[in-house]
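Novice: pasting the sequence and the predicted coordinates here, then a few questions.
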Amino acid sequence: MPGRGRVVDQAAAPYNRLKMAPPLETARLLLRPAELSDAEQTQILFPQWEIVRYLANRVPWPYPPDGALTFLRDIALPAMERGDAWHWTLRLKSEPARMIGFISLMRTPEHNRGFWLAPPWHGPGTDDRGVRRRNRLLVRRAAPAGPAGAQGGRESGIAPYL
């Protein structure tokens, strides 16, 4: 019947077009949508204090042995299904099977993006390229209603970590 059914939040409509994270790329990087199969590489790369100390205080430390699986299965992938978050693994085009980091966008106002890069890849601007590509996607698809501060790589706050 007309007038019945699901109410669509018009403010969220730009995000709904991005319900699942699309694959992205830069000149050197592949940003692949996160999958449960990424848990193994994430668990190897992520639990390092050099990475975790810069992240939100919601990350448990010491990182549990099943932390990556729990995060992907219970938090990241359900949020992607709902259209509330978009998560990508970072990979070099020259080694697409090897994960080197992770980038996220979330619809929450205070915690709207995050990233980490494994220490061997700090320094050459690798994460900055991924962050800029992710932010361009958000601005192009969600502007002007996108999260505050998602206007480009220079606001990403990553310069001190390169």
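Specialist: Now that the structure is in, tell me what you want to look at. The structure presented is a predicted model; accordingly, all values stated were derived computationally and were not measured. Numbering: from 1, shown residues only.

Novice: helices along the chain, start to end?
Specialist: Using DSSP state H, the helices found in the chain span residues 13-16, 39-45, 49-52, 67-70, 77-82, 126-142.

Novice: give me the average confidence score over the first one.
Specialist: Within the predicted structure, the mean pLDDT of helix 13-16 is 40.

Novice: ok, Leu45 touching Ala118?
Specialist: Yes. Here Leu45 lies in contact with Ala118, judged by C-beta atoms under 8 Å, at a distance of 4.5 Å. Yep, even glycine has a C-beta here, placed from its N, CA and C like the rest.

Novice: what do these two both touch?
Specialist: Shared contacts of Leu45 and Ala118, defined by C-beta atoms under 8 Å, 6 or more residues apart in numbering, comprise Ile51, Ile100, Gly101.

Novice: most neighbours, which of these?
Specialist: Within the shared contacts of Leu45 and Ala118, most neighbours by other C-beta atoms under 10 Å means Gly101, with 23 neighbours.

Novice: which residues does that residue bridge with?
Specialist: In this structure, Gly101 bridges to Leu90, Leu117 when assessed by DSSP bridges.

Novice: that one against Thr89, yeah?
Specialist: Yes. Using C-beta under 8 Å, Gly101 is in contact with Thr89, at 7.4 Å.
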